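Have a look; sequence and predicted model below, questions after that.
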Amino acid sequence: MQSDRHGIDREEIRRIARLAADSGETPDVSALSDEDVAHLIYEFGVYQNELLAQNEQLEEMRSELEASHDELGALYEFAPIGYVTLDSEANVVKANLTVCQMLETQRSQLVGHSLLKWIAPEKHHEIRTLLRSTTATADGETLEAPVQLSSHGTPKHLRLDIRPEHGERPQAEHCLVALTDITEQKHLEAELIEARQAAETNSAAKSTFLANVSHEIRTPMNGILGMLQILEQRQQDAESQEYISAAKSSAETLLTIISDVLDLSKIEAGKLEAKSESVSLRPLIEDVRKLFEHRSAQTSIPLRVDVDQDIPDRIVGDGVRIRQVLFNLVGNAFKFTDEGEIRLEVQTQEGPESGVREIVFTVVDTGVGMSPDLLENVLQPFVQANAHRTEKAEGTGLGLAIADRLVELMGGNLSLHSEPGTGTRATFTVPCREDTESLHAEGEADAHLEQATETYRLLVAEDNAINSLVMTTMLQRLGHETRVARDGLEVLKLLEAEDFDAVLMDIQMPNMDGVECTKRIRNGESRAPKDIPIIALTAYAMEADKAGFRNAGVDAQLTKPIYFEALQRELPRMVSRHRKA
């Protein structure tokens, strides 16, 4: 900058003016011209005005900071969460009003005192440890603690969130602790635990009740169906045979209803699981067809079965559940078909995943069909197809609901297509893989069964007089010799005195039940071989019960009611396995 021709330059005058104003000293103006002095006075005025403006801004900022401080103070004081500052020994350095209200005390009684005064003693050591570790490591910690208040006996529950408070120091000396009242949450948790325990107790009681109901119904049903089978095999006139078949069909229908109720209970409780075992599909489908032969003859409605040639001979799956779903779907078709026919079609198709195939089962009827609104709800429990036709609404309304859940359990899906007056098409798929390993073994087993014409000496353990008569009559009709024991103690005595090829063991008996008796035999507490074949005859149909029987040492199980075919199949297999061993 060029100097003024009458004196020093303006920048220098401005510098002198600011320096003099900041220091408070009077500048030396003797060397300055009059014009320079005038400029100096002017710069003094400008600088003074700037300082006044800065002071006004600083005052505004101070007022805003004070307002913010007051606001933050109010937020700290009245926050919904309690805040305390603690040292490493849990002494209170600072506390907000919310903490005082939580602990029902005055701030003067809190600050300078240990917070542990209000905390349950069993938590003191843990809190001190966390405070020390937090100040040392700067890591946050959380714990829950009960708080006992002097005004009443019911404790509060607080959650303590501990964080280090550094301030200006690199290492924290104090901890900021946020206290949250979780008393209501704890009460809700306790209520939920109590409710869950009650539900589990009720579920166990329900399962026990259903198992007992199943047992108490299946026991007399075994007598009914057993006697009907015995009568069916005797020479009867055509009319008597028709009556016997009708009674047998009605008894089996009643048994199906019982099984439906039990299955739904197990499905809802999540206690039903799909099995993976070797399944021979074609005989299974033929069994279903035979089950409905009598129904077809009575109604004059043919059941046509079409099995695709590509269907594998054996698959890995749950044959019992596949049979049950087919029985429910075909039975439902017969229930609502007055004329025409029913078709069961079985095909195979590619599954949704690469390398997985599905078996597709389709049941088609020419019955009354269903309206769209009923079709939407018919897979729900207790909804009967065409329930408005009361003469057709037999059963519990569980068949389709159970079928849907069983298919889902096996990894497939069930779909229904229907129109009023034109019939219904029910289709379900089951993922599968072909089982080639069991084909050879099955051939050997079948060959053995064909040769199994031996008769056996059997010990029948059965306390029910009617069921005992049924079993001995069936076995004698099959050519076997039998002895009867009324309880487990008598079984052990007879095994000590006589030789038997196998034991047919009822589970529920007085004095000593079948499970305890089986355990004693397996432990060598009788003269009989410890590995003598034991076939359980049980009216308990729940899977958990069956697992318990297997764990006790039972080789096989026949669920009541007992059928001739089951006896004929199981006895040669079990006795031959024992003799081979």
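Nice, thanks for sending it over.

After the worst-scoring helix or strand of the chain on mean pLDDT, which helix or strand is next? Please name it.
Least confident element among the helices and strands of the chain, by mean pLDDT, DSSP states H and E: helix 437-451 (a mean of 50). Going down the chain from helix 437-451, the next helix or strand is strand 457-461, by DSSP states H and E.

Next, the angle strand 457-461 makes with the helix or strand that that next one is followed by.
Of the helices and strands lying after strand 457-461 in sequence (DSSP H and E), the nearest is helix 465-477. Note on geometry: by axes from the mean of the first three to the mean of the last three CA atoms, to 10 degrees, helix 465-477 and strand 457-461 are set 170 degrees apart in direction.

can you give me the mean pLDDT across helix 465-477?
For helix 465-477, mean pLDDT is 90.

Stretch 484-491 now?
The average pLDDT for stretch 484-491 rounds to 94.

Check stretch 503-514 too.
91.

Please apply the same query to stretch 21-40.
For stretch 21-40, mean pLDDT is 78.

Which parts of the stretch 201-350 of the chain are helices?
All helices of the stretch 201-350 of the chain, identified by DSSP state H, counting those that start in this stretch, fall at 238-268, 281-291, 293-299, 319-335.

most neighbours per residue, which of those?
Neighbour counts (mean count of other CB atoms under 10 Å) averaged over each of the helices of the stretch 201-350 of the chain peak at helix 319-335, with a mean of 22. C-beta coordinates here come from the backbone N, C-alpha and C atoms, glycine included.

Let's see it as CSV, backbone CA atoms only.
C-alpha atoms of helix 319-335 as CSV (Å, rounded to 0.1, in the frame of the first residue of the first chain):
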residue,chain,number,x,y,z
GLY,A,319,-46.8,-95.2,4.5
VAL,A,320,-49.2,-95.0,7.5
ARG,A,321,-49.9,-91.3,6.9
ILE,A,322,-50.3,-91.8,3.1
ARG,A,323,-52.8,-94.5,3.8
GLN,A,324,-54.6,-92.4,6.3
VAL,A,325,-54.9,-89.4,3.9
LEU,A,326,-56.2,-91.7,1.1
PHE,A,327,-58.7,-93.3,3.5
ASN,A,328,-60.0,-89.9,4.6
LEU,A,329,-60.3,-88.6,1.0
VAL,A,330,-61.9,-91.7,-0.5
GLY,A,331,-64.2,-92.0,2.5
ASN,A,332,-65.2,-88.4,2.1
ALA,A,333,-65.9,-89.0,-1.6
PHE,A,334,-68.2,-92.0,-0.8
LYS,A,335,-70.0,-89.9,1.9
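
Take the helices of the stretch 201-350 of the chain and write them to CSV, including mean pLDDT and distance to S133.
Below are those laid out as CSV (pLDDT from 0 to 100; distance: least, CB to CB, whole Å):
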stretch, mean pLDDT, distance to S133
helix 238-268, 74, 49
helix 281-291, 86, 66
helix 293-299, 85, 77
helix 319-335, 88, 57
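
what would these look like in CSV with distance to P220?
Output for those, formatted as CSV (distance: least, CB to CB, whole Å):
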stretch, distance to P220
helix 238-268, 10
helix 281-291, 22
helix 293-299, 23
helix 319-335, 23
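
of these, which approaches Q568 most closely?
Ranking the helices of the stretch 201-350 of the chain by proximity to Q568 (CB to CB) places helix 281-291 first, at 14.4 Å.

Extract the CA atoms of that closest one and return them as PDB.
The C-alpha coordinates for helix 281-291 follow below in PDB (Å, rounded to 0.1, in the frame of the first residue of the first chain):
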ATOM      1  CA  LEU A 281     -46.900 -98.200  -2.800                       C
ATOM      2  CA  ARG A 282     -48.900-100.600  -4.900                       C
ATOM      3  CA  PRO A 283     -49.900-102.900  -2.100                       C
ATOM      4  CA  LEU A 284     -50.700 -99.800   0.000                       C
ATOM      5  CA  ILE A 285     -53.100 -98.600  -2.700                       C
ATOM      6  CA  GLU A 286     -54.600-102.000  -3.100                       C
ATOM      7  CA  ASP A 287     -55.200-102.100   0.700                       C
ATOM      8  CA  VAL A 288     -57.200 -98.800   0.400                       C
ATOM      9  CA  ARG A 289     -59.200-100.200  -2.400                       C
ATOM     10  CA  LYS A 290     -60.100-103.400  -0.400                       C
ATOM     11  CA  LEU A 291     -61.100-101.300   2.600                       C
END
